[in-house]
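K.L.:
Dropping a prediction and its sequence here:
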Amino acid sequence: ETGVTQSPTHLIKTRGQQVTLRCSSQSGHNTVSWYQQALGQGPQFIFQYYREEENGRGNFPPRFSGLQFPNYSSELNVNALELDDSALYLCASSLVSEGYNEQFFGPGTRLTVL
Amino acid sequence: LAKTTQPISMDSYEGQEVNITCSHNNIATNDYITWYQQFPSQGPRFIIQGYKTKVTNEVASLFIPADRKSSTLSLPRVSLSDTAVYYCLVGDFLNTGGFKTIFGAGTRLFVKA
C-alpha cells in the first residue's frame, strides 16, 4: 500500500462528455503527477503539480487539465472525451528533494469511453 | 527529453539473477534514472534510482556506466512473484525548467519454476 488513493475505480463515459478523476496524495507529499496508461503500454506523463502550480506537462492537449488543492489532493479533468481517452489513469505523489524523487502510485482509475 | 529502449520481454527461472538493460542515449545532465515494477491492474512501484556508478538497495542493484547512456537493473535470485513489467524511466527530478519524464514500453519478465 502506497497511501495514494484514487476515485472512482472504474468509470464509463460517452464521447463528448467531461470527466473528473480524483487523487489523494500520501501524507506530507507536495507533488502530484498524472499519467495515462493505454492497455499494453507504458504510462504516459500528462502533467505534474507542485505546490498547487503546474510544473511540467507532457504531450497532451489543453482539454486535459488539473488542479492541486492545499491539502495536496488533486483532480484530473478531461473535456470532450474521445474514444482514444479510454485508459488507466494513474496519479503519483512524491516529496521532491534534490537528487531523489520516488513517486508513489495509486491503483488507478479505469476510464472507458464509448 | 531522453527516450528509453528496453527489451520487450525476458524469461528466467527461479533463483537466477536477472539483468535488464535500458538504453537512454540522449540522457541530459540533470536526468536521474529510475526503475519501476508493475503488476497487472496496479500502479507502478518504485524499485531503485541512481545518477551514476552503482546503487544497491534491499531488492535490486542499478549499474550506470560513466557515459550514462545505458543502465542495468539487476535482480538477484528472482522468484515467481517477480513476474511483472519493469520500466526504465529518465527524468529531471531536480525540476529545473519544469518536470518531464518518459516511461518506455517496459520489459515483461516471466519467471518460471
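P.N.:
Arrived safely, thanks for sending.

K.L.:
Mind jotting down where the strands sit in chain B?
P.N.:
For chain B, the strands defined by DSSP state E occupy B:9-13, B:18-23, B:32-38, B:45-50, B:53-56, B:61-64, B:70-75, B:84-91, B:101-103, B:107-112.

K.L.:
and what of chain A?
P.N.:
If you assign secondary structure with DSSP E, the strands in chain A sit at A:5-7, A:10-13, A:19-24, A:31-37, A:44-50, A:53-57, A:64-68, A:73-78, A:87-94, A:104-105, A:109-113.

K.L.:
ok, the residue nearest to B:G91 when sequence neighbours are not counted - contacts?
P.N.:
Leaving aside its sequence neighbours, B:G91 sits nearest to B:T101 (C-beta to C-beta, 6 or more residues apart in numbering or on different chains; 3.2 Å). Yep, even glycine has a C-beta here, placed from its N, CA and C like the rest. By C-beta atoms under 8 Å, 6 or more residues apart in numbering or on different chains, the residues touching B:T101 are A:S33, A:F45, B:L1, B:L89, B:V90, B:G91, B:D92.

K.L.:
worst-scoring helix or strand of chain B, pLDDT-wise?
P.N.:
The helix or strand of chain B with the poorest confidence is strand B:101-103; it has a mean of 77 (mean pLDDT, DSSP states H and E).

K.L.:
That strand pairs with which strands?
P.N.:
Applying DSSP bridges to the sheet, strand B:101-103 is found paired with strand B:84-91 (antiparallel).

K.L.:
Contacts for the strand it pairs with next, please.
P.N.:
A:42-43, A:101, B:1-2, B:4, B:6, B:20, B:22, B:24, B:27, B:31-39, B:44, B:47, B:71, B:73, B:99-104, B:106-109.
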